[in-house]
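Peer 1: Need coordinates for the below:
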Amino acid sequence: MSTHKAAVIYARDKPLVVENVPRPVASTGDAIVRILAADIVPYMREVITNRRPYPLSIPMTPGNTAIARIHEVGPDCVTLTPGQLVFCDITIRARDNPAVTMLYGIHGAIHPAAQKLMDGVWRNGTYAEYTRFPLENLYPLDEEVLLGQLGYSITDLCLLTAYLVPFGGLAEVDVKPGEVVILEHIHGTQRLTTVQTTGDEASDTQSFQTAVGHPDGANVYLDLSPPTIKDSSLLVAGIRALGSFGRCVLMGGHLGNIQLPYGEIMFKGIRIQGRFMYDRPHVFRLIQMVRSGLLPLGEKGGVTHSEEFGLDEIERALDAAERLSGWGGQVVLKP
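Peer 2: This is a model prediction of the structure:
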């Protein structure tokens, strides 16, 4: 049996173990990929050590979105071919119930049926030399254009995931050119007007309204609040900064219940929409935006500090990801 190297969690209070494990073999409905570079989110160590208690099926190999080459395809594959460059999306949905969703290698989700997915075949993620992906989670990348004409590196392409999550929310509420969007807990470039929030609802509402610069208010509020947020004051401030028929998208990690300005939502006709990650059409659209040159990656997109690590350096990589949180920093694992 062929083997490969993978990082394995055996206990959440112990370091990851990099070891040789059996290499997966393609079957119906999936493909085996050779990981070229995998993204490491700033909070990945929190997940592994249970400081951020996402459900995991231990022992397992953690991971995140990745850029890879197809190694082997299952018998029902009709488009992907060995050697092809692909973007690997970790948002795995049950084929018989798309509402059951998990994040491959990082979050077993809250639905009991989703945990079944992680307990079974979708247990070992991308922090390895090889892994298995559903065919529908692999997106072909135009190597000639992206790496050749546009001059991007494999590391640059890992940034696709940083854009995909907010893009999924913005697409969900059909944001149009010229509309004003308030983005919570987002870092960016000079094209954004930034607001320093205080946690005081009235003060933050006023700051948002001033930044919007229009008496009619903003059109969209995108909430990406982390689990560390303890109350709803910032969410309420964002909703109150919306104009009539504004839209609010909930995409964060807020735990527990939230408070909402009931009267304001009713009288303004504000729509509140939940959105977990993104859908397959969103990924195709975003890749096309990058391919056409509309959406820059890497240094062109504002990345100022990027670090790469081998699989045997994964503990250092996790430390670097925590240190380089926020827009402009990027850490990838290259197994």
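
Peer 1: where in this protein is pLDDT low?
Peer 2: Applying pLDDT under 70 to the chain flags residues 185-191.

Peer 1: what's the span of stretch 304-313, first residue to last?
Peer 2: End-to-end distance for stretch 304-313, by C-alpha to C-alpha, to the nearest Å: 22 Å.

Peer 1: Residues in contact with that stretch: which ones?
Peer 2: 5-7, 18, 37, 127-129, 155, 298, 316-317, 320, 324, 328-335 (C-beta atoms under 8 Å, 6 or more residues apart in numbering). Every residue, glycine included, has its C-beta placed from N, CA and C.

Peer 1: swap in stretch 276-283?
Peer 2: The contact list for stretch 276-283, computed with C-beta under 8 Å, 6+ apart, reads 87, 89, 91, 101, 103, 136, 139, 164-165, 167-169, 171, 251.

Peer 1: ok now the helix or strand residue 282 falls within, how far from the chain's centre?
Peer 2: Assigned by DSSP states H and E, residue 282 falls within helix 280-291. Relative to its parent chain, helix 280-291 has a centroid offset of 14 Å by C-alpha atoms, centre = their mean, to the nearest Å.

Peer 1: what does stretch 92-108 give?
Peer 2: 14 Å.

Peer 1: Now the terminal residues of that stretch, how far apart.
Peer 2: Length of stretch 92-108, first residue to last, C-alpha to C-alpha: 10 Å.

Peer 1: for stretch 124-135, same thing?
Peer 2: 16 Å.

Peer 1: Which residue is the nearest non-sequential neighbour of residue 167?
Peer 2: When the adjacent residues along the chain are set aside, residue 167 lies closest to residue 286, with 5.4 Å between them (C-beta to C-beta, 6 or more residues apart in numbering).

Peer 1: The one you found and residue 174: what is the separation?
Peer 2: Going from residue 286 to residue 174 by C-beta to C-beta, to the nearest Å gives 15 Å.

Peer 1: Between those two, which has more neighbouring residues?
Peer 2: Using other C-beta atoms under 10 Å, the more surrounded residue of residue 286 and residue 174 is residue 286, with 22 against 9.

Peer 1: In contact with residue 133: list those residues for me.
Peer 2: Here residue 133 is in contact with 30, 31, 33, 88, 104 (criterion: C-beta under 8 Å, 6+ apart).

Peer 1: Could you list which of the residues you listed belong to strands?
Peer 2: Secondary structure assignment by DSSP state E places 30, 31, 33, 88 of the contacts of residue 133 in strands.

Peer 1: Looking at those, which is nearest residue 46?
Peer 2: residue 88 (22.4 Å; C-beta to C-beta).

Peer 1: Any chance of the backbone angles for residue 306?
Peer 2: Main-chain dihedrals, residue 306, degrees, to the nearest 10: phi -130, psi 130.

Peer 1: What's the local residue count around it?
Peer 2: 18.

Peer 1: ok, now residue 23?
Peer 2: Residue 23, neighbours per other C-beta under 10 Å, totals 19.

Peer 1: That one contacts residue 33, doesn't it?
Peer 2: No. Using C-beta atoms under 8 Å, residue 23 is not in contact with residue 33, being 11.4 Å away.

Peer 1: Overlap of the contact sets of those two?
Peer 2: In contact with both residue 23 and residue 33: residue 130, using C-beta under 8 Å, 6+ apart.

Peer 1: Which element, helix or strand, includes residue 118?
Peer 2: Applying DSSP H and E, one finds residue 118 within helix 112-119.

Peer 1: which is the next helix or strand following that helix?
Peer 2: strand 130-134.

Peer 1: Run me through the strand neighbours of that next one, direction for each.
Peer 2: Counting by DSSP bridges, the strands paired with strand 130-134 are strand 30-39 (antiparallel).

Peer 1: and the partner strand, which residues are buried?
Peer 2: For strand 30-39, burial by neighbour count (16 or more other C-beta atoms under 10 Å) applies to 30, 31, 32, 33, 34, 35, 36, 37, 38, 39.

Peer 1: what's near enough to touch the residue lying closest to residue 46 once chain neighbours are set aside?
Peer 2: Leaving aside its chain neighbours, residue 46 sits nearest to residue 52 (3.8 Å; criterion: C-beta to C-beta, 6+ apart). Counting by C-beta under 8 Å, 6+ apart, residue 52 makes contact with 43, 46, 227.

Peer 1: Now residue 148, what are its backbone angles?
Peer 2: The phi and psi values for residue 148, taken as degrees, to the nearest 10, are phi -90, psi -70.

Peer 1: In stretch 301-317, which of the residues would be classed as buried?
Peer 2: 301, 302, 303, 306, 307, 308, 309, 311, 313, 314, 317.

Peer 1: gap between the second one and residue 161?
Peer 2: Counting by C-beta to C-beta, the gap between residue 302 and residue 161 amounts to 15 Å.

Peer 1: circling back to that earlier point, buried only: go through the contacts of stretch 276-283 for me.
Peer 2: Buried by 16+ other C-beta under 10 Å: 87, 89, 91, 101, 103, 139, 164-165, 167-169, 171, 251, out of these.

Peer 1: List the ones among these that fall in helices.
Peer 2: Among those, the members found in helices (DSSP state H) are 164, 165, 167, 168, 169, 171.

Peer 1: Nice, that's everything, thank you.
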